[in-house]
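*Asks:* pasted the sequence and its predicted model underneath.
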Amino acid sequence: MGIAQCEYRSILLVEDNEVDAYLTYNVLQESEPKIAVEIASTAEEGLTKVRKRPYDLLICDYRLPGMNGLSFLKLARKIRATMPVILLTGYPSQELEAQVIHHGLCTYLSKAVDAQTLSRVIKEVLFPHELAISV
């Protein structure tokens, strides 16, 4: 007799702007009922949460108080090396994109990304087997 696996996935959203956090949280909740989202408003709070439990996905703003999102993601990856991450920024640039690619840390998206694209990217990360079946 097998034990049924929990289909829920957990996401940690690290975002200091309350409006952006609320909007992103709503997109995540509406895009997939099988996810649980926690929010941290600083990099330090995010690191504390990452130390306490593994997440299936980490979504982080680039501009955070105290340390930027890229530095935060490097530290988070030292704690949870295989955790997938998405870096969101309201200030996209070729330089930042080059840094992300160089370090191979994460998926990089502009905050101007539409809800449908964000939802698709998240589903690709969290539920790759379901997408492969539906294709």
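*Replies:* Great, that's in hand.

*Asks:* confidence score at L64?
*Replies:* pLDDT recorded at L64 is 88.

*Asks:* for the closest residue to it other than its chain neighbours, give me its contacts.
*Replies:* In space, and not counting its chain neighbours, L64 is closest to A43: 4.8 Å by C-beta to C-beta, 6 or more residues apart in numbering. In this view, the C-beta of every residue, glycine as well, is placed from N, C-alpha and C. By C-beta atoms under 8 Å, 6 or more residues apart in numbering, the contact list for A43 reads 14, 64-67, 69, 71-72, 75.

*Asks:* and the residue nearest the centre of the chain, what is it in contact with?
*Replies:* For the chain, I59 is the residue whose C-alpha lies nearest the centre (C-alpha atoms, centre = their mean; 1.9 Å). For I59, the contacting residues are 11-15, 24, 28, 85-86, 88, 122, by C-beta under 8 Å, 6+ apart.

*Asks:* rerun that using 10 Å as the cut-off
*Replies:* For I59, the contacting residues are 11-15, 24-25, 28, 37, 39, 69, 84-88, 106-107, 109, 118, 121-122, 125, by C-beta atoms under 10 Å, 6 or more residues apart in numbering.

*Asks:* output the below-cut-off pLDDT ranges for the chain.
*Replies:* 1-6, 91-93, 96-106, 108, 110, 129-135 (pLDDT under 70).

*Asks:* quick one, strands of it?
*Replies:* Remark: strands assigned in the chain by DSSP state E are 9-14, 35-40, 57-61, 85-89, 107-110.

*Asks:* and E32, how far from A43?
*Replies:* For E32, the distance to A43 (C-beta to C-beta, to the nearest Å) stands at 26 Å.

*Asks:* do the same with E30
*Replies:* The value you get for E30 to A43, if C-beta to C-beta is used, is 26 Å.

*Asks:* what do you get for M67?
*Replies:* In terms of C-beta to C-beta, M67 sits 5 Å off from A43.

*Asks:* now for the two: what residues contact both?
*Replies:* Counting by C-beta under 10 Å, 6+ apart, the shared contacts of M67 and A43 are L75.

*Asks:* how many other residues sit next to S71?
*Replies:* By the criterion of other C-beta atoms under 10 Å, S71 has 13 neighbours.
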